[in-house]
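# Pasting a predicted model and its sequence here:
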Amino acid sequence: MTFRRTWLFALLGAMLWSAPTSTWASSHREAPAITEDPAADNTDLYAWVTPNTHDKLHVVANWNPLQQPAGGPNFHKFSDDVLYSIHITRGGSSLDDVITYHFEFKSARAKTVKPDDQNATVGGGKEFFRQLAGVEQTYTVYKTEWTNRRPKTTVLARNVNVAPPNIGPRTNQVAYKITAYDDTFAKTFIKDLGTGGSEGRVWAGPRDDGFYVDLGGVFDLANLRAKGTAQDGVAGFNVHSIALEIPTTKLTFDGQAPANKASAENTLGVWASSSRRRIQFRLWSGRNVSLGPWVQVSRLGLPLVNEALIGLQDKDRYNAGHPKTDAARFGAYFLNPVVVRDAEAVGIYTALGADPTPFKFNRTDILDIISIKTNERAIQTVGDVLRVDLGQDSSFPNGRPIPGGATNTQEQADVTDVLLSVILSKGAVPVKDGVDYNDKPFLSEMPWLPLPHEGYSGGHGKTTP
């Protein structure tokens, strides 16, 4: 009995010490700890209003970067142990949530079949190929509305099917019962939210990663290459995406359609996060057990903020924080970007023929740009949120639209070039990474990002002679 009690206390102690802390991180592997938790890793966030009509807000949030399409037999998926969230703030004086959308995922378990059962049928659970076991993933969508800091949560949809991985033509025929994994098939996973779609629509599943950047050049101490020699390090990889379409009347301060003008009161701040239970441990059977309250382990608002602005020693802590505390906790990084100092040290300014001195300190221009602060928008708050003025057509940094690029392989703005140019030179000297288009065309409708690359034909392997 004494031994059992000692063992129990030791187990509880281990559980408490295993609680997630600020050592978790997020966004395309840019912070040290996220390399150990890719399923919770926020990558990109897009948000924009329908041009001209401004009747809908479109949000696309991505997780789990650099997925090898042929990476089976257990292909990438949303984690059943992660709470995925999309946060919306409103107005110019607060970054507290007014609406939060939460997504909880659940994977069906394969049937338990004895290994020596000679009568087991294909699809009964005793399988080599996971897609033959009938295992699928579903999710539930919750909406929390905050009034005077009091939350009210409702369920907008239950047991919505996640789009499956794009494995190959034989899987399409045998397991999915379709002739092709195409846009028509992907659209069948769009689901109405609320009664008759009154709260909008949702879609979740794997897609092509729409971000394009020369990862090899940027992370070789900004060894940037010219167009034609630069390489899109994200080409050919998939992510997992959640796409939302929300009527703007559900988001405005007065519940009315937004007026066709700039205003702070109808300017949203959009950001995405991932959370895990505070206590996590794994049973001998291999099953994960999670207990306690949700703790944020990842977040993303604007592109490249953590990558380009936050110092290495604070990247993990930054991703565990809330945008409303960014000014107090990390404001010095926004005003005095360390990337300018580092770029000077590795010879970037020498190559550009520019003096870095004016770009090192007191960069209030960065704060004004990311806050889309103008005479018409009295924005006082500063934080890592993607601002979207509902009364104006979206154009980065007022939102980040997927449609609207010069071609259907370009999003509306090349955010890598825009932000590097702003941060490194206040936009005076164009800084380009040499990659200016995606490897697949974007869609003109939900779910917006291209189809995921197929495992059978789209993997990164090479044909052998």
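Arrived safely, thanks for sending.

# The longest strand seen in the chain pairs with which strands?
Using DSSP state E to define each element, the chain has its longest strand at strand 267-282. When pairing is defined by DSSP bridges, strand 267-282 lines up against strand 82-90 (antiparallel), strand 288-300 (antiparallel), strand 386-389 (antiparallel).

# looking at the ones you listed, which has the lowest confidence?
Note on those: strand 288-300 shows the lowest mean pLDDT, a mean of 89.

# next SSE after that strand?
Downstream of strand 288-300, the first helix or strand assigned by DSSP states H and E is helix 305-308.

# What's the first helix or strand after that following helix?
Counting by DSSP H and E, what follows helix 305-308 is helix 315-319.

# Can you show me the CA trace of that next one as PDB?
The C-alpha coordinates for helix 315-319 follow below in PDB (Å, rounded to 0.1, in the frame of the first residue of the first chain):
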ATOM      1  CA  LYS A 315      10.200  33.900 -29.100                       C
ATOM      2  CA  ASP A 316       8.800  31.000 -27.000                       C
ATOM      3  CA  ARG A 317       7.500  33.400 -24.300                       C
ATOM      4  CA  TYR A 318       6.000  35.600 -27.000                       C
ATOM      5  CA  ASN A 319       3.900  32.800 -28.400                       C
END
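
# got the strands paired with strand 267-282 as TSV, with mean neighbour count columns?
Any C-beta I mention is one placed from the backbone N, CA and C, and that applies to glycine too. Listed next are those as TSV, based on neighbours: other C-beta atoms under 10 Å:
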stretch	mean neighbour count
strand 82-90	23
strand 288-300	18
strand 386-389	26
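
# With distance to Leu352 as added columns, please give those in a markdown table.
Below are these laid out as a markdown table (distance: least, C-beta to C-beta, whole Å):
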| stretch | distance to Leu352 |
| --- | --- |
| strand 82-90 | 36 |
| strand 288-300 | 29 |
| strand 386-389 | 28 |
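
# Lys261: which of the ones you listed is closest?
For these, distance to Lys261 was read as C-beta to C-beta. The smallest value, 9.0 Å, belongs to strand 386-389.

# Please list the residues outside the closest one that contact it.
45, 47-49, 57, 262-263, 266-271, 301-302, 370-372, 377, 379, 394, 397-400 (C-beta atoms under 8 Å, 6 or more residues apart in numbering).

# Out of the strands paired with strand 267-282, which gets nearest to Lys191?
strand 82-90 (15.5 Å).

# Give me the buried positions along the longest strand of the chain.
267-280 (16 or more other C-beta atoms under 10 Å).

# cool, and stretch 394-412?
So stretch 394-412, judged by 16+ other C-beta under 10 Å, has buried residues 394-405, 409-412.

# For it, measure first residue to last.
End-to-end distance for stretch 394-412: 9 Å, by C-alpha to C-alpha, to the nearest Å.

# what's the offset of it from the middle of its chain?
Taking the mean of its C-alpha atoms, stretch 394-412 sits 17 Å from the chain's own mean (C-alpha atoms, centre = their mean, to the nearest Å).

# go on, stretch 35-46?
6 Å.

# Equivalent analysis for stretch 457-465, please.
Computed by C-alpha atoms, centre = their mean, the chain-centroid distance of stretch 457-465 equals 28 Å.

# and the gap between the nearest residue to Val422 once chain neighbours are set aside and Leu302?
Closest residue to Val422 apart from its sequence neighbours, by C-beta to C-beta, 6 or more residues apart in numbering: Ile369 at 6.2 Å. Per C-beta to C-beta, to the nearest Å, Ile369 is found 10 Å from Leu302.
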